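Participant: coordinates for the following, if possible.
(chains A, B, C and D)
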2 protein chains.
Amino acid sequence: MQEERADAARNRKAILEAADDLFATSDSPSEVSMDDIARAAGVGKGTLFRRFGDRRNLIQQVYAVRLAPLREQIESGPPPLGPDTPPRERVSAIIDAIAVVKLDNAHLMLALEEGSGPTNGLHKSPDYVAVHGLLRDLVASKFGKSRASWIAHSLLANIRADLLGHLVKGEGMSHSDIRLSLRDFVAHTLDY
Amino acid sequence: MQEERADAARNRKAILEAADDLFATSDSPSEVSMDDIARAAGVGKGTLFRRFGDRRNLIQQVYAVRLAPLREQIESGPPPLGPDTPPRERVSAIIDAIAVVKLDNAHLMLALEEGSGPTNGLHKSPDYVAVHGLLRDLVASKFGKSRASWIAHSLLANIRADLLGHLVKGEGMSHSDIRLSLRDFVAHTLDY
DNA sequence: TGACAATCGGACCATCGGTCCGTATTCTGA
DNA sequence: TCAGAATACGGACCGATGGTCCGATTGTCA
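Facilitator: Modelled structure (predicted):
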């Protein structure tokens, strides 16, 4: 892999920032077109697509930036998110942390989960697979292996972006209401 | 409201059938265009859109037809789905029945939930609201009122079309595997 | 049967994601 | 420092899609 040219790097950054900003300030992610992003970034459309391939990938990159801190915390941070945490607490902390990120970045997360498209696949995305796998392993000792997988899916289903968005905008729940209810639910799911 | 003209009625039926068939036989709902449906129904595009307004509504109508039997069972059928059923069992039966419908009509259900679009809203669709409300009321006596709402969302989150689709196609679970796991989960959620 | 209203149908439109290629910029190494 | 190769740029362009419009057609009712 060659070194990235200076203008290329500059443009990549500009695109990422423009996209992040546009998604964050628009009502619905689908209202943000690739042309919009290119224009906002002061870049040609060709550049945008050469860098990121397609819309889905661009969204994922933006998402990855926002998610990096959490990912790092989980992979190698201190308790309660890091590896040196008893499974039960760690699962709870991870679910809560993901919920917080999604609540704080509702727009982006919606864009990602909405990405659907033909060859759909929230459940096939690397991020989902990774966190599902982690959760599954964490609860596997307590529940059976197959049950563990189900439980992991179930926990994640409760913090899908559109559901959280509905709870906030449609039912007027506050972020802390949601986190509290979620905590109860997780506790009830994990503790016999 | 005037009587519907004969040709109008005929065309509505043709469109509904064509759409149902196309969604059922295509891999991904988004591969089925409105032109495809119009052509398959032997009808002009204008007719299609005058009858159904937009894509989302058409899909919902098709969905409504498929769902009618279940809806009727729940509203006025015999136990375990109908009103003369103890809440606990009724909830369980309803969740199972919905799961079965979704598993049997994966394509259509995907089309519906994917419908997303700008003014998104699985959680705002009449069907979701109705079933959520029913479940909420059914569990309200046992749990608090606000917890009841959360639990209803949670139960429904576990039987979302894309999740079920992933379990089948991505993890190779059989329909009965899924129903069994789901039964366990519902039981665990509802029984202390 | 005639005449009016409702319906039909497909050409047409705007927009979107994505591609292409002539031009401009950056890098290299002598 | 500079020339030439390599790479990136950008916007015109493309095919497809959801949705609209309006002259032609068909059903209805007296």
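
Participant: all helices of chain A, in order?
Facilitator: Under the criterion DSSP state H, chain A contains helices at A:6-25, A:34-41, A:45-52, A:55-76, A:87-104, A:106-114, A:126-140, A:145-157, A:161-165, A:175-190.

Participant: could you dump those into CSV and include mean pLDDT and distance to DNA strand C?
Facilitator: All C-beta atoms are positioned from the backbone trio N, CA, C, and that covers glycine. Output for those, formatted as CSV (pLDDT from 0 to 100; distance: least, CB to the nearest atom of the strand, whole Å):
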stretch, mean pLDDT, distance to DNA strand C
helix A:6-25, 95, 3
helix A:34-41, 97, 4
helix A:45-52, 96, 3
helix A:55-76, 92, 4
helix A:87-104, 96, 22
helix A:106-114, 74, 10
helix A:126-140, 94, 18
helix A:145-157, 94, 26
helix A:161-165, 90, 18
helix A:175-190, 95, 29
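
Participant: in TSV, list the ones you listed along with mean neighbour count and distance to DNA strand D.
Facilitator: Formatted as TSV, these follow (neighbours: other CB atoms under 10 Å in any protein chain shown; distance: least, CB to the nearest atom of the strand, whole Å):
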stretch	mean neighbour count	distance to DNA strand D
helix A:6-25	16	3
helix A:34-41	17	7
helix A:45-52	16	2
helix A:55-76	16	12
helix A:87-104	18	28
helix A:106-114	22	15
helix A:126-140	17	24
helix A:145-157	20	27
helix A:161-165	21	19
helix A:175-190	17	32
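
Participant: okay, those in TSV with distance to B:Leu135 next?
Facilitator: Listed next are the helices of chain A as TSV, based on distance: least, CB to CB, whole Å:
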stretch	distance to B:Leu135
helix A:6-25	33
helix A:34-41	40
helix A:45-52	41
helix A:55-76	32
helix A:87-104	22
helix A:106-114	23
helix A:126-140	25
helix A:145-157	15
helix A:161-165	15
helix A:175-190	15
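
Participant: among the ones you listed, which is nearest B:Arg51?
Facilitator: For the helices of chain A, the distance to B:Arg51 is smallest for helix A:106-114, at 27.3 Å, taking CB to CB.

Participant: can you tell me the closest non-neighbouring residue to the residue positioned nearest the centre of chain A?
Facilitator: Geometric centre of chain A, nearest residue: A:Met109, 5.6 Å, by CA atoms, centre = their mean. Of all residues not flanking A:Met109 in the chain, A:Ala161 sits nearest, at 3.7 Å (CB to CB, 6 or more residues apart in numbering or on different chains).

Participant: does the one you found touch A:Leu110 like I think?
Facilitator: Yes. Under the criterion of CB atoms under 8 Å, A:Ala161 makes contact with A:Leu110 at 4.9 Å.

Participant: need the residues of chain A near chain B, please.
Facilitator: Within chain A, the positions near chain B by CB under 8 Å from any CB of the partner chain are A:28, A:30-31, A:110, A:114, A:116-124, A:146-147, A:149-151, A:153-154, A:157-158, A:160, A:162-163, A:166-167, A:170-171, A:177, A:181, A:184-185, A:188-189.

Participant: give me the domain ranges for chain A.
Facilitator: Domain ranges of chain A: A:1-53, A:62-190, per automatic domain parsing.

Participant: need these in a markdown table (columns: distance to B:Ala8).
Facilitator: Converted to a markdown table, the domains of chain A look like this (distance: least, CB to CB, whole Å):
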| stretch | distance to B:Ala8 |
| --- | --- |
| domain A:1-53 | 32 |
| domain A:62-190 | 33 |
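
Participant: so which of those gets nearest B:Gln73?
Facilitator: That would be domain A:62-190 among the domains of chain A, by CB to CB, at 25.3 Å.

Participant: quick check: end-to-end length of that closest one?
Facilitator: Domain A:62-190 has its terminal residues 33 Å apart, counting by CA to CA, to the nearest Å.

Participant: off-centre distance for that domain?
Facilitator: Remark: domain A:62-190 is offset 8 Å from the chain centroid, using CA atoms, centre = their mean, to the nearest Å.

Participant: repeat for stretch A:52-65
Facilitator: 12 Å.

Participant: do stretch A:6-22 as well
Facilitator: 20 Å.

Participant: can I get that stretch in PDB? Just the C-alpha atoms.
Facilitator: This file holds the C-alpha atoms of stretch A:6-22, laid out as PDB (Å, rounded to 0.1, in the frame of the first residue of the first chain):
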ATOM      1  CA  ALA A   6      -1.600  15.000   0.600                       C
ATOM      2  CA  ASP A   7      -4.600  16.200  -1.300                       C
ATOM      3  CA  ALA A   8      -6.200  12.800  -0.900                       C
ATOM      4  CA  ALA A   9      -5.800  12.900   2.800                       C
ATOM      5  CA  ARG A  10      -7.200  16.400   3.100                       C
ATOM      6  CA  ASN A  11     -10.200  15.500   1.000                       C
ATOM      7  CA  ARG A  12     -10.900  12.300   3.000                       C
ATOM      8  CA  LYS A  13     -11.000  14.300   6.200                       C
ATOM      9  CA  ALA A  14     -13.200  17.000   4.600                       C
ATOM     10  CA  ILE A  15     -15.700  14.500   3.400                       C
ATOM     11  CA  LEU A  16     -15.900  12.700   6.700                       C
ATOM     12  CA  GLU A  17     -16.500  15.900   8.500                       C
ATOM     13  CA  ALA A  18     -19.000  17.200   6.100                       C
ATOM     14  CA  ALA A  19     -20.900  13.900   6.100                       C
ATOM     15  CA  ASP A  20     -20.900  13.700   9.900                       C
ATOM     16  CA  ASP A  21     -22.200  17.300  10.100                       C
ATOM     17  CA  LEU A  22     -24.900  16.800   7.500                       C
END
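
Participant: how far away is A:Ala99 from A:Asp177?
Facilitator: 12 Å (CB to CB, to the nearest Å).

Participant: who wins for proximity to B:Ala130 among the helices of chain A?
Facilitator: helix A:161-165 (17.1 Å).
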